[in-house]
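Asks: Using only what follows, build the 3D model:
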Amino acid sequence: MSESSTSAQPDAREEGVQPRRVIITGADSGIGKASAVALAGPGRHVGLTWHTDEDGAERTAEEVRSLGATAHVRRLDLTDPQSGAAVVDELAGAMGGVDALVMSSGTGSSELLLDMDFATWREVVSVDLDGAFCCLQAAARHMVAGGTGGRIVAITSVHEHAPRVGAGPYCAAKGGLGLLVKVAALELAEHGITVNAVAPGEIATPMTGQEDESVMEGKERPGIPVARPGDAREIAAVVAFLCGPEAGYVNGASWAVDGGMLQMGPQAGSHLESHDWRRP
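Replies: Below you'll find the model as predicted:
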């Protein structure tokens, strides 16, 4: 044989992961929905999960299909964290594998620690951290078995990095998820799998008591440097980048997409009603 005929074929991982088979948890609204739409395209398979809003998930599926992708819709209740692995396995079977996982499912609470019962604590941590681990592990196993690498993106929060009064279990879970991302990034890199976090600030979604809507007008936020909440599509754009071949050298990072709020340190807060902080 000639030298050229015996040369090894390029490793599929070196050509860059193409997110042709994607799972997005919590895709019935908000950041999950926007991410599903951003990652849809002709010939792609997009697995969508929902917890309580089946109609919302079906609307997401319709939009995904309108972009030429095949949508696979499943219910996921991460108050039983291990069910996350079963749903990921089911979607991977339906799609023929997994190239990318976006973990957007989440819940929170608004209660001081002294007033909180253990059941509330466990529910938030189960969904936001335990459930994320189960989904990550299951998806990573499919990616390793597939041999072509993969992308995992966890939607955390600015409260991965900064505490908030009344959000003890949420902050603990998101902080833990941020470190889980870093450990997974180290352990999975040899398999061509990158793992990153996106840490949104206040985003106009149902989870923040708003609707999926444009935020460019009429939503002033003096306590955020860009003076408005974020749009879910602005988060989805970062998610799509991290899931694509161009982000192959981004691993173990946490991308704050918060309008600059974390840069304000202890004076930050979407609740502020004055721009006085802008002046010395």
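Asks: hang on, residue 196 is in a strand, isn't it?
Replies: Yes. Judged by DSSP: H, G, I helix; E, B strand; the rest coil, residue 196 forms part of a strand.
Asks: In the sheet, which residues pair with it? Tell me.
Replies: Beta bridges link residue 196 to residue 153, judged by DSSP bridges.
Asks: ok, now residue 23?
Replies: Counting by DSSP bridges, residue 23 is bridged to residue 47, residue 101.
Asks: what's near enough to touch it?
Replies: With contact set as C-beta atoms under 8 Å, 6 or more residues apart in numbering, residue 23 has these partners: 46-47, 49, 88, 91-92, 95, 98, 100-102, 135, 139. (Glycine included, C-beta is placed from N, CA and C.)
Asks: do that again at 7 Å, thanks
Replies: By C-beta atoms under 7 Å, 6 or more residues apart in numbering, the contact set of residue 23 is 47, 88, 91, 98, 101, 139.
Asks: and the gap between residue 253 and residue 160?
Replies: Noted for residue 253: a distance of 12 Å to residue 160, by C-beta to C-beta, to the nearest Å.
Asks: ugh, wrong one, I meant residue 132
Replies: From residue 132 across to residue 160, the span is 12 Å (C-beta to C-beta).
Asks: same thing with residue 265?
Replies: For residue 265, the distance to residue 160 equals 16 Å [C-beta to C-beta].
Asks: just the strands in the stretch 1-150 of the chain please.
Replies: Along the stretch 1-150 of the chain, counting by DSSP state E, counting those that start in this stretch, strands occupy 21-25, 45-50, 70-75, 100-103, 150-155.
Asks: ok, and what's touching the fourth one?
Replies: Residues from elsewhere that reach strand 100-103 (C-beta under 7 Å, 6+ apart): 19, 22-25, 35, 132, 135-136, 139, 150-155, 239, 243.
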